[in-house]
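J.: Next input, structure requested:
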Amino acid sequence: MKAADPAAVRKSRIFLLLIVLAFVAPMIVAGLLSWSGWQPGTKGNGEPILPQRNFVDEQLRVQLANGQPYAWRDSEPRLTLVALAGPDCATQCLAALTSMAAARVTLNRNQSRLRLLYLGTPPANDARDGMRNYWQLGEDVDGKLAAFRPSAPDSVSALLVESNGTALSLYRAGFDPSGLRKDLQKVIK
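T.: Take a look at the predicted model:
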């Protein structure tokens, strides 16, 4: 039997190590990036609610316009988009509310998995603008959401609430409606 050429063995081992390195290196880089806190595409457009709040545990009472209490936990798992209007909700506020309702419509067959809840005094022309067709109107009985309500006139902020009553994210007044739509499409599938 002929002995293997040491240079050829060394060359094939290096070649094998390069092949293994080509497959392992991306996993090592991804692990290091994840360990350092960087993760691509996971950042939402809303601000996370920290510390986390659960409206069911807090017994946050919302009374609907028809006098009924709002059930944070529903018969089926559905998220709630809560709109909180600042004083004198008018043109800009109504445009933001319309954009939020349109974001729900873009969910297509999944739009039934998102409830729209408006808390506060409805805009002056809410009946004419068909707001009641899309939104449940209500009132924060104990004022527990006052910290999330904008103080600027003709503005609106929004809260995205999980089906178990946990507040997920806040969209401050002046938020980008397309960013909200993208977030909704990520969480409602």
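
J.: where does the chain have low pLDDT?
T.: 1, 37-43, 125-130 (pLDDT under 70).

J.: what's the domain layout of it?
T.: Residue ranges for the domains of the chain, per automatic domain parsing: 1-42, 47-187.

J.: Please identify the deepest-packed of those domains.
T.: Among the domains of the chain, domain 47-187 has the highest mean neighbour count (mean count of other CB atoms under 10 Å), at a mean of 16. Any C-beta I mention is one placed from the backbone N, CA and C, and that applies to glycine too.

J.: Quick one: distance of that domain to the chain centre.
T.: The chain centre lies 12 Å from the centre of domain 47-187; the measure is CA atoms, centre = their mean, to the nearest Å.

J.: end-to-end on it?
T.: Terminal residues of domain 47-187 are spaced 15 Å apart (CA to CA, to the nearest Å).

J.: Check the secondary structure at residue 167 for me.
T.: Look at residue 167: counting by DSSP: H, G, I helix; E, B strand; the rest coil, its state is strand.

J.: Tell me who's in contact with it.
T.: Each residue near residue 167 by CB atoms under 8 Å, 6 or more residues apart in numbering is listed here: 49, 52-55, 159-161.

J.: Name the nearest residue to it, sequence neighbours excluded.
T.: In space, and not counting its chain neighbours, residue 167 is closest to residue 49: 4.3 Å by CB to CB, 6 or more residues apart in numbering.

J.: quick one, phi/psi of the one you found?
T.: Phi and psi for residue 49, reported as degrees, to the nearest 10, are phi -80, psi 110.

J.: surely it meets residue 169?
T.: Yes - using CB atoms under 8 Å, residue 49 is in contact with residue 169, at 6.4 Å.
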